[in-house]
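Trainee: build me a model:
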Amino acid sequence: MVSRYVEVPGGHVAAADLRYPRSKSLSHFLFSKINPHAELVEVLRTPEGHEVVVFDVEVEVSQLRRHDIRPRERLAIIFREQELLHPEVLALREDFPYVPHLNPRDEEIPRSICLYEEDFDELRLTWTPAGFIERARWWLSETAKGTLHGEDQPLEPILLGDFPPLVLPSNFLQTVADTNSPQPLGIELRRSGSREVYVAQPSTPATAFAAIAVTSPPHVHGAIRSHPRNSKRLNEILKGVGLDLFDDLRKRLTEWQLSPVLLNAPPIIIVILPKQRKTGTEVERLELWAFLLLTTVGELGVGLGILERHGSSFGRVLGGTPDDRLLEGMTIYVLNPTFSLSRLGAATLSGTKPNPQRIAAIGVGALGSQVIESLVRTGFGIWTGIDSDVFLPHNAARHELTQHEVGRLKVEGMQIKLNALLDEIAMPSTLEANVLRPGLKETELHEALSNVETILDMSASLPVARKLAYYPDKRIRRCSVFLNPSGSDLVLLCEDKNRRARLDWLEFQYYRELVSNQALALHFEADANRIRYARSCRDLTSLVPQHLIAMHSGIASHALQQCLPRPDAVVRIWHSDSSMNVKAYAVETCPVVDLTIDRWRVCTDRVFARKLRKHRQAQLPRETGGVLIGNFDQENRVVYLADMLPSPPDSEEWPTLYVRGSQGLESAVKRVRERTDNQLQYIGEWHSHPDGYNTEPSGDDKTVFGWLAEHAARDSNPPVMAIAGEKDIRIFVGSIDNCALLKPEK
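Mentor: Modelled structure (predicted):
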């Protein structure tokens, strides 16, 4: 059966003329025929400037197949400028079947196949031509069998006791101290069942109730020993400590603009009593009493002799005198003053000290929302929230927001909630932005991240964490908090204040712990518990119960309060079991060592170097070796050199010769990959030179490197080799001529 193909618009270009890194690397990979199951057909550039690589792939299909996928299919991958979105992959056969996992497009043919569920921001960190080709072959093969599509996924087309509380602003006393004649404070009455609470409304004028603050001269404590029953008796008591309440009130009512609303509001007299232990000593504290007069401000003015009633209104009186009968008839209702929760109050109630550190929180999802709220409730942090997600119904299962916020940006909803927790602003600003693709908000994002002391990443996004390691201001500390896929483990990565242990390298120190710590062997256990909340193939959310989010958010908030005021780097893992027992593992941290080799940045540390030298020393006078463990960041051209595996037992070790064996090596590398979710893997080879010899490569070393280069090319990665000597470790990347020295610790 002859296949007919759709032509892709565009003109032919030479592979050497391609501009985009991924189109260039893919065409080179296909042209080199490293993968015998893929063949380059042509390279095009569309009128829009997109670059297209057309290729044929061989597909493993059986004679009986559910969908008509042929043993040989022609595909085209379209790379767009800046490569910020998934490259589009088209099946060019004219009669390519309609199958699950196709992307909708303007034209049905050629069909656009959906190769990946991952966001491209995550995928591009590890995207390689070799991996792409094999992914395409796998997709076609699974589609042919009808096993690609998940069974649960719809088909696409897609108080003082008995007195009512009076809640005052936390800065009330300071405001009174700073003002000669404070204006009345608006108070509203809130009733719930049989309970009453009077709450100050600082931003509104006196309406339902008008609170008037008066301050007595300093006095020895114990001025008010009984509850005054009326305003005249209250004035008599206060005169005993040097305060003529009525005189004070007459002055104020004379000075204020008396609106009808104020005149008809019941007054609440707040008495501030500075207390001394002995006469003439310093004031130790302020005692507050509050009295609700069962009258109005206007009637109080009449009783004080400065106002006169005219029907339903009041007019000023010159030369009037107080009416003792009226004043004695004004019954007093005692209130219990308390203050709104301030940052200091929240910290005091938590047994800590307030910390006004400015923190940018990236990601206010399930874990992030609960961590931030917990910290705000302890008086920790002044927050800037950064997130582009909208709150959807399924989020309410594990988020601080509720169904009332569905459709609202998460950062906006959290800002409202957090700022309502304290009477100080907890989250002054928010930014709706995708850190990876800020677009027109790049300047706003840069300003937001440059005006804080700490950047806290709770996005659970590997690409975000990698980007933040270098962006924007090198002085600003970065931290990351996240859960493992099952929600059983919490991870905290926190840079030191000098940022010598950078966030991306702390990530690899964390992976290294997963490999060596048997208790964490299942940290990245395969997570099949994912459910769909909508129809798209990417509409997946993890099945993690709220009790784990709540437990770990509490641990994380406490840990951040401990580590952020300190200068040291922190890597810590909290592992919980099915009985909710939690054990913390503190991971050794070490500053990153950056080496530049052949346009690659190699990141490693002294822990790695120490381990390599220890194994070398143990085998002297014989040479020894093994394999290097790490990963490649193709997007940023970084080689992460994190760990090593020692010499297999069937290796040949001689004083001047080493031949690495293979016994148990494949299973050891597999174990590393499984424990770290493929974030650590085999990346190269290492061996030692004996004492008295430098680390210059020998002829045999060059031969081994040639083999290594050929092997690495199959995965589109550079070859990496290390030689450990008496005085240094020489690391090679890309070519035997491209190397750098890792010196021993001083």
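
Trainee: just give the number of residues close to Ala396.
Mentor: Other residues lying near Ala396 total 15 when counted by other CB atoms under 10 Å. C-beta: built from backbone N, CA, C; applies to glycine.

Trainee: with the one 5 residues further on instead?
Mentor: Burial measure for Leu401: 19 neighbouring residues, criterion other CB under 10 Å.

Trainee: just the strands in the stretch 551-700 of the chain please.
Mentor: Along the stretch 551-700 of the chain, the stretches classed as strands by DSSP state E, counting those that start in this stretch are 570-576, 582-586, 593-597, 600-604, 625-633, 638-645, 652-654, 657-659, 681-688.

Trainee: what helices or strands is the third one leaning on?
Mentor: To tie it back to what came earlier, the one meant is strand 593-597. Counting contacts by 3 or more CB pairs under 8 Å, 6 or more residues apart in numbering; DSSP states H and E, strand 593-597 packs against strand 600-604, strand 729-733, strand 739-742.

Trainee: can you check the longest one too?
Mentor: Judged by 3+ CB pairs under 8 Å, 6+ apart, strand 625-633 is in contact with helix 503-516, strand 638-645, helix 665-675, strand 681-688, strand 720-724.

Trainee: before we move on, the earlier item: turn the helices and strands packed on strand 593-597 into a markdown table, columns for distance to Thr295 and mean neighbour count.
Mentor: A markdown table is the format used below for those (distance: least, CB to CB, whole Å; neighbours: other CB atoms under 10 Å):
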| stretch | distance to Thr295 | mean neighbour count |
| --- | --- | --- |
| strand 600-604 | 75 | 21 |
| strand 729-733 | 86 | 24 |
| strand 739-742 | 84 | 18 |
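
Trainee: out of those, flag the one nearest His28.
Mentor: The closest of these to His28 is strand 600-604. By CB to CB, the value is 17.5 Å.

Trainee: any idea how far the closest residue to Ile683 other than its chain neighbours is from Tyr658?
Mentor: Spatially, and ignoring its direct neighbours in sequence, Ile683 is nearest to Gly630 (4.6 Å; CB to CB, 6 or more residues apart in numbering). With distances taken as CB to CB, to the nearest Å, Gly630 is found 21 Å from Tyr658.

Trainee: repeat for Ile269
Mentor: Using CB to CB, Ile269 is found at 91 Å from Tyr658.

Trainee: equivalent analysis for Gln403, please.
Mentor: 65 Å.

Trainee: looking at these two, which is more packed in?
Mentor: Between Gln403 and Tyr658, counting by other CB under 10 Å, Tyr658 is the more crowded of the two (23 against 9).

Trainee: was I right about that one contacting Pro690?
Mentor: No. Checked against CB atoms under 8 Å, the pair Tyr658 and Pro690 is beyond contact range at 9.9 Å.

Trainee: quick check: buried residues in stretch 652-660?
Mentor: Using 16 or more other CB atoms under 10 Å as the test for burial, stretch 652-660 gives 653, 658, 660.

Trainee: turn these into CSV, including distance to Glu81 and pLDDT.
Mentor: CSV is the format used below for the buried residues of stretch 652-660 (distance: CB to CB, whole Å; pLDDT from 0 to 100):
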residue, distance to Glu81, pLDDT
Glu653, 53, 95
Tyr658, 48, 94
Arg660, 44, 94
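
Trainee: what would those residues look like in a markdown table with distance to Lys24?
Mentor: Converted to a markdown table, the buried residues of stretch 652-660 look like this (distance: CB to CB, whole Å):
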| residue | distance to Lys24 |
| --- | --- |
| Glu653 | 42 |
| Tyr658 | 37 |
| Arg660 | 34 |
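
Trainee: closest to Val587 out of those residues?
Mentor: Arg660 (29.0 Å).

Trainee: is it true that that closest one touches Pro648?
Mentor: Yes. At 6.6 Å, Arg660 and Pro648 qualify as touching, with contact defined as CB under 8 Å.

Trainee: got any residues that touch both of those two?
Mentor: Residues touching both Arg660 and Pro648 (CB atoms under 8 Å, 6 or more residues apart in numbering): Gly626.

Trainee: returning to what we had before: redo the helices and strands packed on strand 593-597 as CSV? Include mean pLDDT and distance to Leu445.
Mentor: Formatted as CSV, the helices and strands packed on strand 593-597 follow (pLDDT from 0 to 100; distance: least, CB to CB, whole Å):
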stretch, mean pLDDT, distance to Leu445
strand 600-604, 96, 24
strand 729-733, 97, 33
strand 739-742, 95, 34
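
Trainee: can I get the ones you listed in JSON lines with distance to Asn434?
Mentor: As requested, these are exported to JSON lines (distance: least, CB to CB, whole Å):
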{"stretch": "strand 600-604", "distance to Asn434": "25"}
{"stretch": "strand 729-733", "distance to Asn434": "32"}
{"stretch": "strand 739-742", "distance to Asn434": "36"}
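
Trainee: where does the stretch 51-200 of the chain have low pLDDT?
Mentor: Scanning the stretch 51-200 of the chain for pLDDT under 70 picks out the ranges 82-85, 104, 106, 149-162, 181.

Trainee: where do the strands sit along it?
Mentor: Secondary structure of the stretch 51-200 of the chain by DSSP E, counting those that start in this stretch: the strands cover 51-58, 72-79, 88-91, 102-103, 111-113, 165-168, 185-192, 195-200.

Trainee: of the ones you listed, which approaches Leu742 most closely?
Mentor: That would be strand 72-79 among the strands of the stretch 51-200 of the chain, by CB to CB, at 36.6 Å.

Trainee: I'd like to know how far Ser312 sits from Thr296.
Mentor: Separation of Ser312 from Thr296 (CB to CB) stands at 11 Å.

Trainee: which of these two has more neighbours?
Mentor: Applying other CB under 10 Å to Ser312 and Thr296 shows that Thr296 carries more neighbours, namely 18 against 9.
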